[in-house]
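J.: Mind folding the following:
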Amino acid sequence: MDNKNLQILTKISDLLVQKIDTQEFINGIKSLLQGYIQLKNLALYIYDNVTNTMRDCSANWSIIPDDSQVYEAFKNIKGEDFIINSKAYKIPSHLGDVSFKLQSLFIPITKDGQDFGLIEMEFEDGTTVNMEFLSLMKILSSQISLKLQNIVLNEQSKINVEFHDSMKNIAKIIETQYELNYIVPLIGEMLDRFISDHLIYVFLKQGEDFQLVWPKACKDERIYEVLKELTPDTDYILTNNDKIGAFPLTSDGEITGCIVARSTLDKLSKRDISYLEQLTRQSAITISRANAYSKVLQYATLDALTNLNNRRQFEIRLKQEIAITKRQNNPLCAMMIDIDFFKKVNDTYGHASGDEVLRTVASVIKAHLRESDIPARYGGEEFAVLLPYTHIEEAQIVGERLRKAVEETSVHLDNFNINVTISMGLAEFHTEESGEELFERADKALYEAKESGRNRVCISKNV
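T.: Numbering: from 1, shown residues only. Predicted coordinates for the structure are as follows:
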């Protein structure tokens, strides 16, 4: 082997040990070979035995269609050394100085004597190579094989870590949350991040029907047909050529809901199904515990996380204050508060950090109100406050003071601090309306505050 070939192999060996991603690795090999031969393009493909698909390593591991030239080459190269210009060859060692005019070249990538991928090369017109070049390419394929095996193993290890993190996070939700309208969207978001190749839907059973809880819409009628087929004994159902999977949520032998995965391209793989089965079981346990905790806590008066009134207690106090206000003709104001971009806090720092934000904001709210005021955690990141004996002008002063206090308060997380803001809607009670109508107006004012830029106080202007 001449010095030029040795230099190429040395440089490729140096590339193999660098900590670079797959695309940088492929581009590096392509650049080195273009200094050696008239190479137009280079691509690497891996055959995934779990999904029975060929994936393009140079295009973000996208799936190659079954009728592509790459698939055909992978089938025809079994037991051969190369496919040169669409024809398979097993090259004997005694050909000497035989040359080939190349347009395309496929080289198998092997592992333990089995083909598990391909190198594809396209050449400029009129490119001629000899046996020494083909021998060099066989050595190159062995080096690439080791690199790709490591990449695949690392990718699988990363997926396994993400899977166990998802299982743990779903289990941990119940430590501080028990309202289904809060925890089910969190579960949906966690599943959607992990099973990112497929669309995820979460349904809960209400009577005989399944109600979509996350996301907001599902327009695929086939999914609703699959839901009708579920029984308590169903492990899962696959339909639409294995592109839709329904995984029932069960508790005490009863179906409480269902998690559905829908693919727009690939079939659900054995690996996807295994992960979804386990994640669904953990989700069912979490939802079941949330229901149990909710029943226990429905007679409690305080929210477990923030130590403010819970929603049930707040509704009792609201009726009492409305009755007093009507009887004594005293002023009464309602305040609805929402933490700005709270979902981003959860996504960026984790749900434990989100809980710390809720506790801190609740503490600030409580510290800046009078003894006679009635604060509550209304649900999720929303808070409600009743301000007895208060006109709207006074409520606005209280609201601005509270908004500024939250803005200036740092939330202490593990090794750093963050600051959050709140948006607020205010409404003053009118004797002809109900408590629900009062808070509906405050909620509309809150929506206006969020739509007009957040971190502000808006007042309801109508009854």
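J.: ok, how many other residues are close to the nearest residue to residue 301 once chain neighbours are set aside?
T.: Distances taken as C-beta to C-beta, 6 or more residues apart in numbering place residue 313 nearest to residue 301, at 4.1 Å, with adjacent residues excluded. In short, each C-beta sits where N, CA and C put it, glycine included. In terms of burial, residue 313 registers 17 neighbours under the definition other C-beta atoms under 10 Å.
J.: My read is that residue 12 contacts residue 139, right?
T.: No: shown here, residue 12 and residue 139 do not form a contact pair, counting by C-beta atoms under 8 Å, at 9.0 Å.
J.: These two: who's more crowded?
T.: The residue with the greater number of neighbours, taking residue 12 and residue 139 and applying other C-beta under 10 Å, is residue 12; the counts read 20 against 14.
J.: show me what contacts the more buried one?
T.: The neighbourhood of residue 12, defined by C-beta atoms under 8 Å, 6 or more residues apart in numbering, consists of 29, 32, 140, 143.
J.: Quickly check those for the two that are furthest apart.
T.: Farthest apart among the contacts of residue 12 by C-beta to C-beta are 32 and 143. That separation is 11.8 Å.
J.: out of those two, which sits in the busier spot?
T.: Remark: of residue 32 and residue 143, residue 32 carries more neighbours, 19 against 15, as counted by other C-beta under 10 Å.
J.: Need the mean per-residue confidence for the helix or strand containing the residue nearest to residue 301.
T.: Residue 313 is part of helix 311-328, with elements assigned from DSSP states H and E. Averaging pLDDT along helix 311-328 yields 90.
J.: Give the buried residues for that helix.
T.: Taking 16 or more other C-beta atoms under 10 Å as the basis for neighbour counts, the residues of helix 311-328 that come out buried are 311, 313, 314, 315, 317, 318, 321, 322, 325.
J.: before we move on, what about stretch 401-415?
T.: So for stretch 401-415, counting by 16+ other C-beta under 10 Å, buried means 402, 403, 406, 409, 411, 413.
J.: which SS state does the second one fall under?
T.: Read that as residue 403. For residue 403, the secondary structure call by DSSP: H, G, I helix; E, B strand; the rest coil comes out as helix.
J.: The lengthiest helix in the chain packs against which elements?
T.: Longest helix in the chain by number of residues (criterion: DSSP state H): helix 131-172. Helix 131-172 is packed against helix 3-16, helix 22-34, strand 39-48, strand 99-111, strand 114-130, helix 180-194, helix 270-297, helix 351-367, with contacts defined by 3 or more C-beta pairs under 8 Å, 6 or more residues apart in numbering; DSSP states H and E.
J.: so where's this protein uncertain?
T.: 1-3, 50-51, 92-97, 155-156, 159, 175-178, 297-299, 462-463 (pLDDT under 70).
J.: Can you give me the domain boundaries for it?
T.: For the chain, automatic domain parsing gives the domain ranges 3-156, 176-297, 311-459.
J.: Ok, which of those comes nearest residue 165?
T.: Of all these, it is domain 176-297 that lies closest to residue 165, at 8.4 Å by C-beta to C-beta.
J.: picking up where we left off before, residues contacting the residue nearest to residue 301?
T.: 300, 301, 302, 376.
J.: wait, the last one sits on residue 382?
T.: No: at 9.5 Å, residue 376 does not count as touching residue 382 under the criterion of C-beta under 8 Å.
J.: ok, those two, which is more surrounded?
T.: Taking residue 376 and residue 382 together and counting by other C-beta under 10 Å, residue 376 has the greater number of neighbours (26 against 17).
J.: how far does the strand or helix carrying the more buried one sit from the chain's center?
T.: Using DSSP H and E, the element containing residue 376 is strand 374-379. Relative to the mean C-alpha coordinate of its chain, strand 374-379 is positioned 29 Å out (C-alpha atoms, centre = their mean, to the nearest Å).
J.: So what touches that strand?
T.: In this structure, residues lying in contact with strand 374-379 by C-beta under 8 Å, 6+ apart are 179, 181-182, 303, 305-306, 308-311, 313-314, 317-318, 321, 336, 358, 362, 365-366, 369, 383-386, 388.
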